Every structure is written in structure tokens, then in C-alpha cells.
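Asks: Here's my sequence, what's the structure:
(one chain, ligands or ions: 1)
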Amino acid sequence: MQGSYIDSVIAATRGRSRQESSLKSECMKLLQTQAGILRVLDTGSRKPPLLIVPDGPCVIEHYADLIELLALDFRVVCFDLPGFGFSYPASSFDFSVSQTAETVVEVMDLLEIPFAVLAFTCANGFFALHVAQHHPHRVSHLVLGQTPSFQSMRQWNDRIIPKILHVPYIHKYWLIDCGEGWRFGLKTANLRYRLANHKDTAIQRHTKVQGQRSPYDADWVYWSSRMGRYSQVSPRVARLLKRQKGSCPFCQLYFRDADVLEIDHIIPRIQGGKDDYNNLQLLHRHCHDVKSARDGRLRCA
Ligand SMILES: [Zn+2]
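Replies: Next up, the predicted model:
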């Protein structure tokens, strides 16, 4: 999940009315951009345009005195970057340097500013550098204040910011951007682990042992049907007894201890039936006789 998702939720909670109530100056307006609705102050004269962005968590209001002074010589455009102040980001905004730089260019396009002085400070200087690098004809002058090298910024970041904030944990540990909502999990390059829900585990029904039963009661039909094995019963018969739940598929009656059971080939061998478990069933001897007679009649017909 992108961090902007949280900001989008917060923005939705705050509401557009709060954004609009922040337009205290007649120079302020809201601009709809790809990155979201941005709050922009534009002194709007014919003087050379100058773009500044507040250094978060500062907002446009903190630059009022500076803007008043600069407006003597420039058309000053100052706007809250997406996710700061009263500029709420779109859910697709990823806060990358390139996307933010393109937002700066988009603001210039919307205000019909062909080129401008970019005077950005601190980490915002990387956005201005990106604009100058990719749209050099849009930048007449570049003024950077307190913008270190990217490597120095990373070192400062690692030292100052608590480690837990370095990693997008929500993106990492919840599968929201996999279309699974707030499901706890872990993604790697090739695998996806999920914390299992209760419903993911199928219910396995167990049959209670009948009240007076004992493993030593020698009821081989009962115990073979239950367990699929019994010491005095061949594994084949025991397995079939378990599969058939102790009943004869021909007459549908349960086998009893005294019954004589026989293994039958469902499709007779003479008709090409195989001698494997899928083609075997356990029948009463008399049921087997009836079935074999029927098989013979069918063969003769
Ligand atoms: Zn039977």
C-alpha cells in the first residue's frame, strides 16, 4: 500500500470544506493535478515567475512575510506539496522524486508559466533539480537552500528518523495492494504468506467410538471400517471397509461380524477392469454372487 492511501483517508475525513476554508487570501486557489488537489498561492503579476514550496511541516502561511517581500520583484507562486499542508494527495501519488517533480511542472502548466525561477529548500531541492534536469527549458534560475547531497540526506535520515518509520510496514505486512484488504501477511519477490483465517481450515469431523467398543473385542468389521487397518484383516479389505464406511454398496446394509465378505471388481477383469482400488469394492458373498451373475448375463447379451 502506498503511504498516500493513508493521507487520502485522512483527507477524506477532513473533507474538502476544510481545504476550501484554508483559502484565506484571494491569491489562494485549489488546483486539480494528477497528484491531487493542491493549494496554491499565486500573486499573479507580470513580473518574472518564482516558484517556492514550503519546507514541511511548514505551510504557505509560514512564508507570508517572505512572499510579501519577493512579490515586489516576482510573480510568486507558493504551493503545498501533495501530502503537506492542505494539499491532499491522490491515492495514485507515490511521493517519488520524479512524480513530485512532474507535479511542479504540471502546476506551471496550469498557471500558464512557461519558465520560472525555482527556489526550493532542503529535500525539496531534489524535486527542483529533477525538473532542471528533465525540463531545463522550464527553469530560468535554480536557487537551492540547505539541500545536501542525496547521500548525506540518507545518512541524516538513517540517524534521525526512527527505524520503524524507514520501512513501509503497512505495505509490507498487510496485503492491501494485493486486493486482499487488511489481511496480515508477508510478501517476498516470489512468495506470499498469509495469516490463516479460521475459515481456511476445513472442519474435520471425527466419529466417536461407540460406547461399549474396545480394540480387544475382535469386531474386525467395526475396527477396520473405522481405522482402515486391523491386525487380522488384510490391508486391502481393511482399506475398502474404511472407504465404504462398513457397508455393502450392493445391498446398502452394514456388514456384521459373522458376514462373509468378498472383493469384487466393479468392472470385471474380463471386460478390461483393472485390479486397483478404484475398481474394487467389498461385497457380501451373496451380493457378490448376484452381481457376478448379472455381469455374466450382460456379457452374454
Ligand atoms: Zn450386500
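
Asks: pLDDT on whichever strand or helix holds Gly185, on average?
Replies: Element membership of Gly185 [criterion: DSSP states H and E] is strand 185-187. Mean per-residue pLDDT for strand 185-187: 78.

Asks: Strand partners (parallel or antiparallel) of that strand?
Replies: Here strand 185-187 is paired, per DSSP bridges, with strand 192-194 (antiparallel).

Asks: what's downstream of the partner strand, the next helix or strand?
Replies: Downstream of strand 192-194, the first helix or strand assigned by DSSP H and E is helix 220-227.

Asks: quick one: contacts of that following helix?
Replies: Here helix 220-227 makes contact (C-beta atoms under 8 Å, 6 or more residues apart in numbering) with 207, 209-210, 213, 215, 230, 232-233, 237-238, 241-242, 244-246, 255-257, 259. To be clear about C-beta, it is placed using only N, CA and C from the backbone, and glycine gets the same treatment.

Asks: hmm, try it at 10 Å
Replies: Outside helix 220-227, the residues that touch it by C-beta atoms under 10 Å, 6 or more residues apart in numbering are 207, 209-210, 213-217, 219, 229-235, 237-247, 254-259, 261, 282.

Asks: Quick check: buried residues in that helix?
Replies: Within helix 220-227, the residues that count as buried by 16 or more other C-beta atoms under 10 Å are Trp220, Val221, Tyr222, Trp223, Ser224, Ser225, Arg226.

Asks: Check the gap between the second one and His284 for me.
Replies: Looking back up the chat, that one is Val221. When distance is defined by C-beta to C-beta, to the nearest Å, Val221 is 11 Å away from His284.

Asks: One more: Ile113?
Replies: Distance of Ile113 to His284, given as C-beta to C-beta: 95 Å.

Asks: What parts of this protein come near the ion?
Replies: Proximity of the chain to the ion, by C-beta under 5 Å from the ion, involves residues Cys248, Phe250, Cys251, His284, Cys287.

Asks: a markdown table please, covering those residues and showing pLDDT, neighbour count and secondary structure.
Replies: Formatted as a markdown table, those follow (pLDDT from 0 to 100; neighbours: other C-beta atoms under 10 Å; DSSP: H, G, I helix; E, B strand; the rest coil):
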| residue | pLDDT | neighbour count | secondary structure |
| --- | --- | --- | --- |
| Cys248 | 94 | 20 | coil |
| Phe250 | 94 | 17 | coil |
| Cys251 | 94 | 12 | coil |
| His284 | 94 | 20 | strand |
| Cys287 | 95 | 21 | helix |
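
Asks: pLDDT weak spots in the stretch 201-301 of the chain?
Replies: The model of the stretch 201-301 of the chain has pLDDT under 70 over residues 298-301.

Asks: what about 80?
Replies: Residues of the stretch 201-301 of the chain meeting the criterion pLDDT under 80: 215-218, 227, 297-301.

Asks: For the residue in the stretch 101-250 of the chain positioned nearest to the ion, which residues are in contact?
Replies: Among the residues of the stretch 101-250 of the chain, Cys248 lies nearest to the ion; the distance is 3.1 Å by C-beta to the ion. Neighbour list for Cys248: Tyr254, Phe255, Asp259, Leu261, Asp264, Gln281, Leu282, Leu283, His284, His286, Cys287, His288 [criterion: C-beta under 10 Å, 6+ apart].

Asks: Would you confirm that the fourth one contacts Tyr254?
Replies: No: here Leu261 does not reach Tyr254: they are 11.7 Å apart, not a contact under C-beta atoms under 10 Å.

Asks: In terms of neighbours, single out the busier of the two.
Replies: Under the neighbour definition other C-beta atoms under 10 Å, Leu261 and Tyr254 were set side by side, and Leu261 has more, 20 against 14.
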